[in-house]
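Enquirer: could you work out the structure for the sequence below:
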Amino acid sequence: MVKMCSLLVLGVQVASAVIAQDSPRYGRDKFRQLDQELPTPNEQRTASGAPGHAYWQMKADYDIHVEITEPKASEGVLPKLMGRETITYHNQSPDKLEYLWLQLDQNIFEPGSDANVTRTGTIGDSVNVDQIEKWVKPFDGGYRITSVTDASGGKLKYTINKTMMRVDLPKPLAPGATFSFKVQWWNWLNDRMKWGGRGGYEYFPEEDNHIFTIAHFYPRMAAYMDYSGWMHKQFLGQGEFTLDFGDYSLSITAPSDHIVAATGEWANASAVLTGTQQKRLAQARTSDRPVMIVTPQEALDNEKERGSGTKTWVYKSKNVRDVAFASSRKFIWDAMNQPVKTNNVLCMSYYPKEGNPLWEQYSTKVVAHTIKTYSKFTADYIYPVAISVHTDRIGMEYPMICFNGGRPEKDGTYSERTKYGMIGVITHEVGHNFFPMIINSDERQWTWMDEGLNTFVQYLTEQEWDKDYPSWRGKPRNIVDYMKGDPNAAPDKVKARIEPIMTNSESITQFGNNAYGKPCTSLNILRETIMGRELFDHAFKTYCDRWKFKHPTPADFFRTMEDASGVDLDWFWRGWFYTTDHVDIELANLRYKRLNPRDPLLAKEIKREDKAREVPDISRQRNIDSGLEFVVDRDPATRDFYNSYDPLTATERDLAAYEKWKNGLKPEEMALLNEDLHLYELSFKNIGGLVMPVILEWEYADGSKEVERIPAEIWKTSDEVSKVFVKRKEVKGVTLDPFLETADCDLNNNSWPPRMVPTRFDMFKEREREWRRPNPMQEERNRQAGGEMKGR
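Expert: Sure, this is the predicted structure:
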């Protein structure tokens, strides 16, 4: 017996759709493995994404001595840095080296540097004097190398190639051998507010004081790696740094009234700190809230008049890839302890009075929160200190120390945007201690591996600071405007152009969106939507543990995330990292059917209800409403059996046939057929090209809702698919991506019945109006002051 069930077709649809069997655009390319894109695994880097048994990396140790000068403005001389260093290079590779390469990043400030010569621009209707000065008299802040010798003082041959310097060795450096040599140099320091740069100084003309934030200030070894050899791409300003680990001794000679912060721990604290400062510092080491080491009043007194002479601060650090420092007589200084397992991290902030009240209230607490939260999600923070230094309009990171902006108005008020911008930049820059200072990726080649991963963990950290934290990046809905840009836009339409994430750092046009926003968002989607938090967090932490204090590549990250989770993510890496596709899934068609019950009494009743719901013919209804007398009503002779016959009444024959059919069913089959089942056939089109899960929210006629998630593999053979859903309740509406978790770029094709949503432009205008509001804190203070004046 064939047990068939007929269907009632109710014919509800959004639009017609043709379901392709195999779209030429798709084929199976979206889910093709990344074997051709990723390098072949080897003894250094395994197919699982872990370091291999033959993994190696170089080491470079430094003994650096520098002095900064701070002339008065009346002297008409720029501040200057003079330095000398001894570098001990350890060849831990299996290769014999005939020469060494060093990075001379400060040479980006030479007028003839590639960065300056290739800088493009236009002439508007007016040009300010400062810009003309930059064109006519550019800042000449490159290194003046005065000596390169071996450890005994013998001269070494060297060649400077813009921002790189090759030192020729007296004899090849064999595997396992070390070589020590010395370099001496000096350079002018740049006014960062005028000339830009990652380091330099901020000048306070009303006091004739400076805040020096000094970075990549010394010739440092280029990295030599198994996958690239020497990483000596020129420094053009956008792609940052690729460095090896080592141990450092850093001696900084500064004006005697300066407070100096630097990478590492003090080696001569008793010589540079007062007894009171040392006692306060000891208290801070066990305190769970900030303790003032230099109070605001002490800093105010200190900045009023310059002292005489100099003081040398010595810092030691182990297993770091770089060092930086800050120096000023303006610094307020506070500190607190943040435990990370057995390591007590001294979290500190150095800031001028211009940073208060924001910095005193938030900075060090944000540093501590960042160290704690990043250690939870990545790898344990093992360094002894973590420092945040304030200077205006900056965000730069170095091991154990970072330079951050976020300055209130002169009256001490600030906008909400300034507050969260300051908390965000401190979180981000302190977070860089993990990416790339610990998980040491190649910044010059792949910006996203440090900026993108760091921005992602920054998002997690911000969300643990405040449930209502207004994170700038991380939410999928915030990347939509960038994702739907035009990859074929003309060169002058930079804001419309997008490139794959896997683009060299110097070739990216929309740097923030490409290297920060998109990779951050993609990882958030992986965590919340694709893998789930448990699988993702384990895999991400595995990557960080495997590659802490090593040099990971994109392949190591991709492979580890799959290896530790058991989830095939090649389709995800391909779409999000190697293409410019965007997410736009359309709910193209909906067909609704119900089971037609074989019980003739029920079937006829359903048909009667359906007929009662039919929309009456307008001509017939108007004839009835007008009182028209119909022929069959006027003349009984025109009526017969069919004028009184009800085709929706079950007959004896219908009932007998049903009983016979029912007796052939199993009990479970009968139970299923007695359910009131609703069948919905939904058709989807992937318009944007980026494959993603299909997330549906069903809204039922009784007001209840249900969320259903279909993995991205639904697109494995075509960009147009249909799927049947069986529901036990009638559906009132269906919404694709109801929680805006996939970065879908067009929400107008996501609903049945169709529903229009506000345009991104409209929402952007609303945000703009909010951003341009006056400082509410200042408004309230002025209002209260006005009320007090009226009272007087």
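Enquirer: which residues touch residue 519?
Expert: Residue 519 sits next to 448, 451-453, 455-456, 501, 576-577 when contact means CB atoms under 8 Å, 6 or more residues apart in numbering. Glycine gets a C-beta too; all of them are placed from N, C-alpha and C.
Enquirer: which helix or strand contains it?
Expert: Using DSSP states H and E, residue 519 sits within helix 518-525.
Enquirer: pull the helix or strand following that helix out as CSV, backbone CA atoms only.
Expert: On the C-terminal side of helix 518-525, the closest following helix or strand by DSSP H and E is helix 533-547. Taking Å, rounded to 0.1, in the frame of the first residue of the first chain, the C-alpha atoms of helix 533-547 are listed here in CSV:
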residue,chain,number,x,y,z
ARG,A,533,32.7,30.4,22.3
GLU,A,534,34.0,27.1,23.8
LEU,A,535,35.6,25.8,20.6
PHE,A,536,36.9,29.2,19.5
ASP,A,537,38.4,30.2,22.9
HIS,A,538,40.2,26.9,23.2
ALA,A,539,41.6,27.1,19.6
PHE,A,540,42.6,30.8,20.0
LYS,A,541,44.4,30.2,23.2
THR,A,542,46.1,27.2,21.8
TYR,A,543,47.4,29.4,19.0
CYS,A,544,48.7,32.0,21.5
ASP,A,545,50.3,29.3,23.7
ARG,A,546,52.0,27.6,20.7
TRP,A,547,53.4,30.8,19.3
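Enquirer: hmm, who's touching helix 533-547?
Expert: In contact with helix 533-547 (CB under 8 Å, 6+ apart) are residues 49-51, 377-379, 434, 438-440, 523, 526-527, 530-531, 552, 556-557, 560-567.
Enquirer: list buried residues within the residues you listed.
Expert: Buried members of the contacts of helix 533-547, scored by 16 or more other CB atoms under 10 Å, are 49-51, 377-379, 434, 438-440, 523, 526-527, 530-531, 552, 556-557, 560-565, 567.
Enquirer: with just CA atoms, put stretch 611-627 into PDB.
Expert: C-alpha atoms of stretch 611-627 as PDB (Å, rounded to 0.1, in the frame of the first residue of the first chain):
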ATOM      1  CA  LYS A 611     -13.200  28.900   1.300                       C
ATOM      2  CA  ALA A 612     -14.600  31.200   4.000                       C
ATOM      3  CA  ARG A 613     -11.300  33.100   4.000                       C
ATOM      4  CA  GLU A 614     -11.300  33.600   0.200                       C
ATOM      5  CA  VAL A 615     -11.600  37.200  -1.000                       C
ATOM      6  CA  PRO A 616     -15.100  37.500  -2.600                       C
ATOM      7  CA  ASP A 617     -15.300  38.500  -6.300                       C
ATOM      8  CA  ILE A 618     -15.900  42.200  -6.500                       C
ATOM      9  CA  SER A 619     -18.600  41.900  -9.200                       C
ATOM     10  CA  ARG A 620     -20.500  39.200  -7.400                       C
ATOM     11  CA  GLN A 621     -20.400  41.200  -4.100                       C
ATOM     12  CA  ARG A 622     -21.600  44.400  -5.700                       C
ATOM     13  CA  ASN A 623     -24.500  42.500  -7.400                       C
ATOM     14  CA  ILE A 624     -25.500  41.100  -4.000                       C
ATOM     15  CA  ASP A 625     -25.100  44.500  -2.300                       C
ATOM     16  CA  SER A 626     -27.300  46.200  -4.900                       C
ATOM     17  CA  GLY A 627     -30.200  43.900  -4.300                       C
END
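Enquirer: ok, and what's touching it?
Expert: For stretch 611-627, contacts defined as CB under 8 Å, 6+ apart pick out 630, 648.
Enquirer: which stretches of the stretch 451-600 of the chain form strands?
Expert: 585-595 (DSSP state E, counting those that start in this stretch).
Enquirer: now the helices for it?
Expert: Secondary structure of the stretch 451-600 of the chain, counting by DSSP state H, counting those that start in this stretch: helices at 480-483, 511, 518-525, 533-547, 554-565, 570-578, 600-613.
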